[in-house]
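1. dropping a prediction and its sequence here:
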Amino acid sequence: MKAALYIRVSTTYQIDKDSLPVQRQDLINYAKYAFNIDDYEIFEDAGFSGKNTNRPAFQEMMERIRNKEFSHLFVWKIDRVSRNLLDFCDMYEELKKYDCTFISKNEQFDTSSAMGEAMLKIILVFAELERKLTSERVTSIMLARAERGMWNGANVPLGYDYDEETKYPVINESEAKTIHLIFDMYEDVKSTVKISNFLNDNNIATKRGGTWTSKTVGDILHNPFYYGTLRYNYRESGRGKKKSKDEWVIKEDNHIGIISKDQWNRCNKIIEFNSKRNSARWRQKNYVQHIFGGLLVCKDCGRKFEACLDRARSDGYRPTRYVCGARTKGGACHNKMSVSDVSIGDFVLHYVLNFIKSFNVVCISSEALESLLLSGDLFEDVLLTEDSIRDTFIAINYFQKTKQDITYEYNNEKEDNVNNTFIKHEHEKITSSLNNLERAKERLINLYLYSDHDMDENMYYEKKNDIDKKIKELKNKLETLEIKNNLNCDTDFLFIDNMNDFLFNLNINLDNNTVRELTLDGGRKILKDFFSNIIDRIIISNARVDSIVFKNGLTHTFIYKK
């Protein structure tokens with residue numbers, strides 16, 4: 001038996017009062033003398049609230065409980081885990097699932113008994129009730145303060161600084177110039193994107209030194225604080241959805257504004273007009289399907305690419321151009337080049353078709369699979385990483401096994417258990433053989449280096465090379481076995497069957513077409529649906545396709561010879 005001892009205090013004061021050492025020693029003694037458990041590990045969260053379970057040590061402990069490393073979980077008091085009933089119940093259900101007994105030292109609860117489990121939940125109900133009552137009292141106080149025009153401690157907006165004497169924000173003249181600029185520009189250009197680009201290009205700082213975005217500008221334009229009105233209880237906690245107007249606290253002419261109310265109203269009428277123009281109904285007639293919209297991701301910064309129509313060609317073809325989102329919003333990104341349907345379209349189209357075909361062809365080796373995946377003139381100077389080929393080769397073998405054996409069903413729980421048991425048994429057998437070979441290698445080295453009987457050098461290297469070869473073979477088998485164990489076979493097979501059905505229903509020969517031809521024939525939506533159904537994301541680097549992540553989790557990464 002091995003126990004996890006969990007300790008938490010929520011304030012610096014409690015830490016300074018040696019609460020952590022007291023809890024620690026109490027739990028160690030309790031586990032040792034009451035349960036005869038000497039094997040334990042301590043997890044500590046200092047300075048974290050008990051209102052939820054988002055704590056580093058707690059999350060690490062739960063992950064290890066899921067790995068069945070612990071038979072018992074000891075806490076000093078129940079509320080050290082959580083004061084939230086739902087959080088605790090979720091945790092407790094997990095503990096039962098992984099055969100881990102929950103024990104609270106102070107409440108003397110052992111949840112291996114039905115009575116202990118019931119009493120524990122009753123105690124937690126009152127712990128949560130106390131927290132909610134406290135929260136309601138605090139909320140009432142803050143609403144009352146806002147109704148009197150007092151500041152409740154939110155982030156001070158750009159253009160203001162917090163004044164310790166008045167306990168309220170006062171105008172920062174330097175930052176106020178930026179606020180005037182934003183409102184004046186918006187009346188002129190009527191675009192938050194253009195304003196954010198201008199501010200970034202001219203190195204005008206935000207309140208906290210971040211990057212300007214259209215949303216940042218829009219939040220300023222919407223905020224009535226800038227014409228002297230305090231608005232409180234406007235949204236749910238954090239940046240949640242708007243509350244109903246009858247819940248808002250509005251205090252007009254509460255402080256000195258930076259702009260006039262008339263200018264604020266003018267700007268917000270423009271915003272309202274623009275929002276109607278940007279509605280789905282207004283855009284419906286001119287809506288353009290961008291083939292790779294939402295799929296392209298920048299390898300450098302991780303941002304998605306944004307799409308816009310490029311210039312029309314002489315034959316009427318108008319491809320989409322894709323640019324890293326960080327560039328359009330003034331963020332930091334070294335990926336300065338854009339891509340388009342012209343530069344990556346045919347590459348992605350024909351690679352995906354090769355990928356689908358590979359699941360319906362018997363590939364006797366990984367070399368044959370790579371040749372099939374990279375068949376075609378577009379891939380003459382392209383290679384695949386070893387991981388890409390290996391993972392796909394294993395997935396194809398699984399897929400074809402199901403096709404050959406009609407009675408085989410991956411949804412069959414009994415069959416899954418048999419497979420898992422087989423994989424576990426094979427893993428143990430290979431690991432045991434590996435350990436034996438490692439020990440044999442160590443003995444051989446010691447014999448060669450330290451034995452009184454001389455060993456012929458050629459014989460030593462011959463035996464050592466033979467052992468190294470066997471170790472490498474076993475490690476490769478072990479790696480393959482682990483991949484098999486991690487693959488989601490249900491998803492893999494359903495995914496490929498769906499793709500075959502999708503291609504059949506398209507009733508169009510994609511093999512002998514280019515993205516350009518299909519687009520000119522009105523196939524934008526067909527292509528978009530095709531790629532969106534099979535691809536999760538496409539990673540772009542230096543204006544080329546770095547890798548494709550398919551919906552079934554397989555990732556294919558490309559190596560370019562030139």
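-> In hand now; what should we look at?
2. can you give the domain ranges for the protein?
-> 3-134, 160-280, 413-489 (automatic domain parsing).
3. just for the stretch 401-550 of the chain, where's the confidence low?
-> The model of the stretch 401-550 of the chain has pLDDT under 70 over residues 401-423, 425, 451-454, 479-512.
4. on the pLDDT front, check Met61 for me.
-> pLDDT, Met61: 94.
5. which residues touch it?
-> Residues in contact with Met61, defined by C-beta atoms under 8 Å, 6 or more residues apart in numbering, are Ala4, Tyr6, Phe43, Phe70, Leu73. Every C-beta, even on glycine, is put in place using the N, C-alpha and C of the backbone.
6. residues contacting Lys97?
-> By C-beta under 8 Å, 6+ apart, Lys97 has no neighbours at all.
7. follow-up on the earlier one: which of the domains of the chain has the lowest mean pLDDT?
-> Looking at the domains of the chain, the weakest mean confidence is domain 413-489, a mean of 73.
8. now do Asn476: how many residues are near it, please.
-> 12 (other C-beta atoms under 10 Å).
9. closest one to Val342 among the domains of the chain?
-> domain 160-280 (25.3 Å; C-beta to C-beta).
10. hang on, the earlier thing: quick one: closest of the domains of the chain to Phe393.
-> Closest among the domains of the chain, using C-beta to C-beta: domain 413-489, at 9.4 Å.
11. what is the neighbour count of Asp188?
-> 9.
12. can you tell me the helix or strand for it?
-> helix 173-189 (DSSP states H and E).
13. buried sites along the very next helix or strand once past that helix?
-> Remark: after helix 173-189, the chain's next helix or strand is helix 192-201, criterion DSSP H and E. Across helix 192-201, burial judged by 16 or more other C-beta atoms under 10 Å covers Thr192, Ile195, Ser196, Asn197, Phe198, Leu199, Asn200.
14. got the angle between helix 192-201 and helix 173-189?
-> Interaxial angle of helix 192-201 relative to helix 173-189 (axes from the mean of the first three to the mean of the last three C-alpha atoms, to 10 degrees): 140 degrees.
15. mind putting the contacts of Met61 into CSV with distance to Ala31 and secondary structure?
-> Output for the contacts of Met61, formatted as CSV (distance: C-beta to C-beta, whole Å; DSSP: H, G, I helix; E, B strand; the rest coil):
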residue, distance to Ala31, secondary structure
Ala4, 10, strand
Tyr6, 12, strand
Phe43, 13, strand
Phe70, 11, coil
Leu73, 10, strand
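16. of all these, which comes closest to Ile445?
-> The closest of those, once distances to Ile445 are taken by C-beta to C-beta, is Phe70, at 38.2 Å.
17. contact partners for the closest one?
-> Lys2, Ala3, Ala4, Glu41, Met61, Arg64, Cys100.
18. swap in Leu447?
-> Counting by C-beta under 8 Å, 6+ apart, Leu447 has contacts Met455.
19. about what we covered before: in terms of secondary structure, what does the helix holding Asp188 contact?
-> Applying 3 or more C-beta pairs under 8 Å, 6 or more residues apart in numbering; DSSP states H and E, one finds that helix 173-189 contacts helix 192-201, helix 214-222, helix 261-277.
20. where does Leu444 fall, secondary structure wise?
-> helix 413-450.
21. can you pull the buried residues of stretch 384-397?
-> So for stretch 384-397, counting by 16+ other C-beta under 10 Å, buried means Leu384, Ser388, Ile389, Arg390, Asp391, Thr392, Phe393, Ile394, Ala395, Ile396.
22. dump the residues you listed to JSON lines, plus secondary structure and distance to Ala176.
-> Listed next are the buried residues of stretch 384-397 as JSON lines, based on DSSP: H, G, I helix; E, B strand; the rest coil; distance: C-beta to C-beta, whole Å:
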{"residue": "Leu384", "secondary structure": "strand", "distance to Ala176": "57"}
{"residue": "Ser388", "secondary structure": "helix", "distance to Ala176": "55"}
{"residue": "Ile389", "secondary structure": "helix", "distance to Ala176": "61"}
{"residue": "Arg390", "secondary structure": "helix", "distance to Ala176": "61"}
{"residue": "Asp391", "secondary structure": "helix", "distance to Ala176": "57"}
{"residue": "Thr392", "secondary structure": "helix", "distance to Ala176": "59"}
{"residue": "Phe393", "secondary structure": "helix", "distance to Ala176": "64"}
{"residue": "Ile394", "secondary structure": "helix", "distance to Ala176": "63"}
{"residue": "Ala395", "secondary structure": "helix", "distance to Ala176": "60"}
{"residue": "Ile396", "secondary structure": "helix", "distance to Ala176": "64"}
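23. quickly name whichever of these is closest to Leu444.
-> Nearest member of these to Leu444, counting by C-beta to C-beta, is Arg390, at 31.0 Å.
24. leaving out sequence neighbours, find the closest residue to that closest one.
-> Ser366 (6.5 Å; C-beta to C-beta, 6 or more residues apart in numbering).
25. tell me the contacts of that neighbour?
-> Per C-beta under 8 Å, 6+ apart, neighbours of Ser366: Ile389, Arg390, Phe393.
26. in terms of pLDDT, where does the second one sit?
-> Predicted confidence (pLDDT) for Arg390: 84.
27. does Asp381 really touch Tyr560, like I thought?
-> Yes. If you go by C-beta atoms under 8 Å, Asp381 and Tyr560 touch, sitting 6.2 Å apart.
28. can you name every helix or strand that the helix or strand where Ser135 lies contacts?
-> Following DSSP H and E, one finds Ser135 within helix 114-147. Here helix 114-147 touches helix 85-97, strand 109-110, strand 230-232, strand 249-251, going by 3+ C-beta pairs under 8 Å, 6+ apart.
29. how about 10 Å then?
-> helix 85-97, strand 101-104, strand 109-110, strand 230-232, strand 249-251 (3 or more C-beta pairs under 10 Å, 6 or more residues apart in numbering; DSSP states H and E).
30. specify the angle between that helix and helix 85-97 in degrees.
-> 150 degrees.
31. quick check, distance from helix 114-147 to the centre of its chain.
-> 32 Å (C-alpha atoms, centre = their mean, to the nearest Å).
32. same check on stretch 25-35?
-> Per C-alpha atoms, centre = their mean, the centroid offset for stretch 25-35 relative to its chain is 39 Å.
33. so what touches it?
-> In this structure, residues lying in contact with stretch 25-35 by C-beta atoms under 10 Å, 6 or more residues apart in numbering are 1, 3-7, 18, 37-40, 42, 71-72, 74-76, 80, 101, 103-106, 108, 110.
34. alpha carbons only: can I get the helix or strand harbouring Lys357 in PDB?
-> In the assignment (DSSP H and E), Lys357 maps to helix 341-358. Extracted C-alpha coordinates of helix 341-358, given in PDB (Å, rounded to 0.1, in the frame of the first residue of the first chain):
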ATOM      1  CA  ASP A 341      -4.600  28.200 -52.800                       C
ATOM      2  CA  VAL A 342      -2.200  28.400 -55.700                       C
ATOM      3  CA  SER A 343       1.000  27.600 -53.600                       C
ATOM      4  CA  ILE A 344      -0.300  24.900 -51.300                       C
ATOM      5  CA  GLY A 345      -3.700  23.800 -52.800                       C
ATOM      6  CA  ASP A 346      -2.600  21.000 -55.100                       C
ATOM      7  CA  PHE A 347       0.100  19.800 -52.700                       C
ATOM      8  CA  VAL A 348      -2.500  19.200 -49.900                       C
ATOM      9  CA  LEU A 349      -5.200  17.900 -52.200                       C
ATOM     10  CA  HIS A 350      -3.100  15.100 -53.800                       C
ATOM     11  CA  TYR A 351      -1.300  14.200 -50.600                       C
ATOM     12  CA  VAL A 352      -4.700  13.700 -48.800                       C
ATOM     13  CA  LEU A 353      -5.900  11.600 -51.700                       C
ATOM     14  CA  ASN A 354      -2.700   9.400 -51.500                       C
ATOM     15  CA  PHE A 355      -3.300   9.200 -47.700                       C
ATOM     16  CA  ILE A 356      -6.800   7.800 -48.200                       C
ATOM     17  CA  LYS A 357      -5.700   5.400 -50.900                       C
ATOM     18  CA  SER A 358      -3.000   4.000 -48.600                       C
END
